[in-house]
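Novice: got a predicted structure here, sequence first:
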Amino acid sequence: MLVSVNWSLALRPLLRKYHGRRHPLEYHNIYQLVVLVVLSAQSADDHINAFGPGLFKAFPDMSSLAKASREDLFPYISKVRNFGHKAEWLTAIARQVKKNSDIPLTLEGLTALPGIGRKSANVILREAGRPAEGIIVDLHVVRVAQRLGIVDEDDPKKIEKHLMEILPKRQWEAGMAMSFLGREICHPKPDCPKCLMRKVCAYYKHVFNAGH
Ligand code: SF4
């Protein structure tokens, strides 16, 4: 059962810690970000970063990518999980968007593109400096939000909805902050002694019997 916690208050230290931290995907413009976000589905960001330089040398922008077939992309991304579908999505996105300056920077516009769901769109909007329209919920956030005791389910859509209900819009950066915590400290095997969320964390209280 979830314990009642004022999460808007409890998440403040985490939001402060990761405020403004750049996403680990190594991009130099929004075109590259969109491509890397699509490639990173179900893969680790570090792994995906390795493919950026070669791919962007061959296809430096949306208009060059729009002229490519999915097979043209294979030599650059064949070690990426599910690369066939991802090549299909990327070339379809490029044909639809046509040029870098026409990349839609709204949740609705981005999620209308193939291969881009809410999580990816939320990441792109954050990195583009646009106002948040939702909250990033990736696998790290699912794990961290459960452990903290904010949610007791694992459906990202429901978790996002819940977070949007309990947090004011100015704190919607909390998704990315939890994602960073999950990447750095709250690993599948969590490093709780190093964590600044111990005081409010349900998992910590339960496992270390550190509650009241
Ligand atoms: S205290 Fe432990 S389980 Fe809780 S959020 Fe931190 S690392 Fe994760």
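Specialist: Okay, I see it. Numbers count the residues shown, from 1 in each chain.
Novice: could you count how many residues lie near the closest residue to Asp102 other than its chain neighbours?
Specialist: Excluding the flanking residues, the one nearest Asp102 by CB to CB, 6 or more residues apart in numbering is Met62, at 7.5 Å. C-betas here are computed from N, CA, C, even on glycine. Residues lying near Met62 (other CB atoms under 10 Å) number 23.
Novice: residue contacts, Met62?
Specialist: Tyr31, Ile93, Ala94, Val97, Lys98, Lys99, Asn100, Asp102, Ile103 (CB atoms under 8 Å, 6 or more residues apart in numbering).
Novice: please work out the average pLDDT along the longest helix seen in the chain.
Specialist: Counting by DSSP state H, the longest helix found in the chain is helix 83-97. Averaged across helix 83-97, pLDDT comes to 98.
Novice: tell me the gap between stretch 160-179 and the middle of its chain.
Specialist: Stretch 160-179 sits 13 Å away from the centroid of its parent chain (CA atoms, centre = their mean, to the nearest Å).
Novice: mind listing what's buried in that stretch?
Specialist: 160, 162-164, 167, 171-179 (16 or more other CB atoms under 10 Å).
Novice: quick one: is it near the ligand?
Specialist: No - judged by CB under 6 Å from any ligand atom, stretch 160-179 stays clear of the ligand, getting no closer than 8.5 Å.
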